[in-house]
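> Prediction below, plus the sequence it came from.
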Amino acid sequence: MEEKLKDLAQKLFGKEILDLDDKELYLLLSEFSNNLLNKIEKPKKSDRKLYYFSAEFLLGKLLKNNLSNLGIRDEVKEILSKNGKVIEKAEEFEAEPSLGNGGLGRLAACFMDSFANLGLNAEGIGICYHFGLFRQKFEDYKQKEVKDPWLDDSNALIKTDTKYDVNFKNQKVEATMYDLPISARKDSRSTIHFFDIDSVDESIVKEGISFDKKDIEKNLSLFLYPDDSDEDGQKLRIYQQYFMVSCGGRYILDEYIKNGGKLEEFGDKIRIQINDTHPTMIIPEMIRLLTSKGLSFEKAVEEITKACAYTNHTILQEALEKWNYQMLEDVVPALMPIIEKLDEIVRGKYDNEKVYIIENKKEDEKNPEKLTRIVHMANIAIHFSSKVNGVAQLHSDILVNETLKDFYEIYPDKFENVTNGISFKRFFHNCNEDLTKLIESLIGPEFKDDPNKLEELLKFQDDPEVLDKFLRVKEISKENFSKYVKEKEGVDLDINSIFDVQIKRLHEYKRQQMNALYVIDTYLKIKKGILPKNPITVIFGAKAAPSYYMAKNIIHLILCLQELINKDEDVNKYLKVVMLTNYNVSYAEKIIPATEISEQISLASKEASGTGNMKMMLNGAVTLGTLDGANVEIRDLVGDENIYIFGKKADQIIDLYEKDSYKAKEIYEKNEDIKKAVDFIVSKEILEIGDKEMLESLHNDLINKDYFMALIDLEEYIEVKNKLIEAYTDKRSFAKMAINNIAKAGFFSSDRSIRDYNRKIWNL
Ligand code: DL6
């Protein structure tokens, strides 16, 4: 291999490896691994093929995973080190493709890893966003958004000859398909087909992430989830969604026909997974394409219904997309007669307006004649799919009993649960080499192929030598992470403190504000001389959607707390706070091995599954959580003695919403400590640092609204978290809990999820 690398270095730069700088080294390794990846044959053709449509693929950096998955990273590392080079420095140069917002996008990326690992005939379809989501900066303790470029010559993306014209009402754009190979093993890979417009113009992005939202020819593929707080933004999202399905739909059909597929067998041979509602327009678009090739409308509907399946990722109404009819018509008029006909089919069969596709909504009680037509995308996806699934057992139960009850009554056999999973390669083997080496030394290497073998670790749960080795590995991960945080954030972490980590999108239902109130409560207690049983470092990583003001207020509060607490010499020996800048997949890979407490504290019923919970348990953290999403399954697997659960249950919360009977103010007024913590948000100390308007708005919201009920569980949260911190003082018993968590994590491999999808839904 050394000779090959040397030759390539000569070819690319006319230099010896020894003389390359880190950037050149990165380019060399990318080219080398991309060449190897492209030589791997695609999965064998099978009778049936799956296309996984997703608006998001939150990939994370590719080079390190590619080298590891190809089985050559150790050798490359050795060669570089002989030449005085450090592989990690070269890998740092890669710009992360952040083509996702959170769990849904990361799940899609994990599934691509599993398609490759399992050798399934399955491909991804998405949009080649030039800047992905956004890069987060902090200025004046506030989040600022800037663009986050990732495309350059070194990408593994391959420009293909596949091109399509995409027709909108007033314009046509030209699209090109770019393929991204995804590695898993030496001999197997999968592919994501990313579509981009040829006329995109990055230079139209001016300040921050603002640009002319009307200039579709230049902006369509710039950003994931462009601001949709106005009509132009909403239309742009429709343009993007149609662009993806129009290109993807034609790609599927061209490939199908080229391979001799018969139109009338389409539904037997093709599987289309609709990842959340964003790709739902594939249903009317595919019907349009099939009828244009000669299939009757009825037959096209039948075939597309067989082919499609829809995954729901949330019960939050805001994410069950509804488009204004007129807006859809302004962008994609060709789909409207089809959507009308689909609505007629539904209305002809069912006498329940909750399941209709087009809603005639009264805008104004005084003027009941004036109706606005709204198209419910989830309703299209449910009626015209063969299966609908939730992403954790509790979530799937809530879907059939509450959110989608009316549909479940019509189609009881359509509903399935497929509990999420994570790529063990990315979030364990490749990001926590020390821990995986330790495990291999204990139980052999089989767990790498069969994660259920991790259970063999249980026999070491009382072995003090093993527990101490585990603790040492955790300590090293904490040291490594601390060095990184010092470099990136300028904050000194105390590795003897317990690392308490909440990393996820910022949303009120995930309740970062409740954690911030814990921090305030602890701060106030320390000031009074009541010290925590062990020093604690509370670490947050989260981006807030640019127009989600309350989420930005919460980030602001956390940054103010960081400033106040970390500088307070009386307090910072016992408590520190860190808000990581621009939390992304690369940051996740660094912090997850160092985590000790995994914060999974969403309001019960609101977190569909969560996948950070799985990543952290797998890396030996103890979950502090509510009985929400996949936490329930984690608790069932590890047992009550290895997890810290608190808070109201999902059915109690659902009941409170139904009766509209939750009153935050009553809790605030009744509980002195809670009142003090909430009022501290607008205290002199915090207002000297932060923005009065933002802090007052948060303070006011917590007392008078608190829609996601941060106060309801706060008292119990503080109590249980403090118990967990106390438990940490007995290091070996903490390590025993951690070992139990690792041993039981095998179920959460995305390979298991994909096998479940295949068995319950695709039958590839
Ligand atoms: O299914 C993947 C992931 C779940 O683990 C999270 O619980 C869920 O919040 C997330 N959903 C989304 C969609 N939108 N929202 N909200 O990202 O999906």
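Okay, I see it.

> elements contacting the longest strand anywhere in the chain?
Counting residues, the longest strand found in the chain (DSSP state E) is strand 172-185. Contact here means 3 or more Cβ pairs under 8 Å, 6 or more residues apart in numbering; DSSP states H and E; on that basis strand 172-185 packs against helix 22-39, helix 63-69, helix 103-118, strand 158-167, strand 188-197, helix 231-258. Glycine gets a C-beta too; all of them are placed from N, C-alpha and C.

> The first one: how far from the chain's middle?
Think helix 22-39. 27 Å (Cα atoms, centre = their mean, to the nearest Å).

> and what of the fifth one?
For strand 188-197, the gap between its own C-alpha mean and the chain's C-alpha mean amounts to 19 Å (Cα atoms, centre = their mean).

> In the stretch 101-250 of the chain, what residue lies closest to the ligand?
G103 (2.8 Å; Cβ to the nearest ligand atom).

> Where does pLDDT dip in this protein?
Scanning the chain for pLDDT under 70 picks out nothing.

> ok, which residues in it are in contact with the ligand?
Applying Cβ under 6 Å from any ligand atom, we find that the chain lies next to the ligand at 102-104, 107, 276, 313-314, 316, 319, 391, 420, 607-611, 629.

> a strand runs through P532, doesn't it?
No: read with DSSP: H, G, I helix; E, B strand; the rest coil, P532 is coil and lies in no strand.

> which element follows the helix or strand hosting E719 toward the C-terminus?
If you go by DSSP states H and E, E719 is part of helix 714-727. For helix 714-727, the following helix or strand on the C-terminal side (DSSP H and E) is helix 731-743.

> I'd like the distance from that next one to the chain centre, please.
That offset, for helix 731-743, works out to 27 Å (Cα atoms, centre = their mean).

> Could you list the buried residues of that helix?
K731, F734, A735, K736, M737, A738, I739, N740, N741, I742, A743 (16 or more other Cβ atoms under 10 Å).

> What is the nearest of the residues you listed to the ligand?
Using Cβ to the nearest ligand atom, the buried residues of helix 731-743 come closest to the ligand at N741, 18.2 Å.

> any idea what sits nearest the closest one, other than its immediate chain neighbours?
M617 (4.2 Å; Cβ to Cβ, 6 or more residues apart in numbering).

> is it true that the one you found touches I742?
Yes: using Cβ atoms under 8 Å, M617 is in contact with I742, at 7.3 Å.

> The residue nearest to N741 and I597, how far apart?
Distance from M617 to I597, counting by Cβ to Cβ, to the nearest Å: 11 Å.

> of those two, who's got more company?
Between M617 and I597, counting by other Cβ atoms under 10 Å, M617 is the more crowded of the two (29 against 26).

> For the residue sitting nearest the centre point of the chain, which non-adjacent residue is closest in space?
Centroid-nearest residue in the chain, with Cα atoms, centre = their mean: G103, separated by 2.0 Å. In space, G103 comes closest to T611 once its chain neighbours are excluded; the distance is 5.3 Å by Cβ to Cβ, 6+ apart.

> Contacts only, for that neighbour.
G103, R106, L107, C110, N420, G421, I422, A630 (Cβ atoms under 8 Å, 6 or more residues apart in numbering).

> now swap in S753 and tell me
F111, S114, V418, T419, N420, G421.

> one more time with 7 Å, if that's ok
V418, T419, N420, G421 (Cβ atoms under 7 Å, 6 or more residues apart in numbering).

> Now do the SS call for it.
helix.

> how far away is it from Q136?
Applying Cβ to Cβ to S753 and Q136 gives a distance of 29 Å.

> L328 now?
L328 is 32 Å from Q136, by Cβ to Cβ.

> Counting neighbours, what do you get for R73?
21.

> Quick check: it touching N65?
No: taking Cβ atoms under 7 Å as the definition, R73 is not a contact partner of N65, at 9.1 Å.

> what are the ranges of the strands in the stretch 601-750 of the chain?
622-625, 644-645 (DSSP state E, counting those that start in this stretch).

> List the beta-bridge partners for I645.
G625 (DSSP bridges).

> Are we agreed that F211 is in a helix?
No: read with three-state DSSP, F211 is coil and lies in no helix.

> check contacts around it.
Per Cβ under 7 Å, 6+ apart, neighbours of F211: I204, V205, N219, L222.

> which among the residues you listed end up buried?
V205, N219, L222.

> As a markdown table, those residues with secondary structure would be great.
Putting the buried ones among the contacts of F211 into a markdown table (three-state DSSP) gives the following:
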| residue | secondary structure |
| --- | --- |
| V205 | coil |
| N219 | helix |
| L222 | coil |
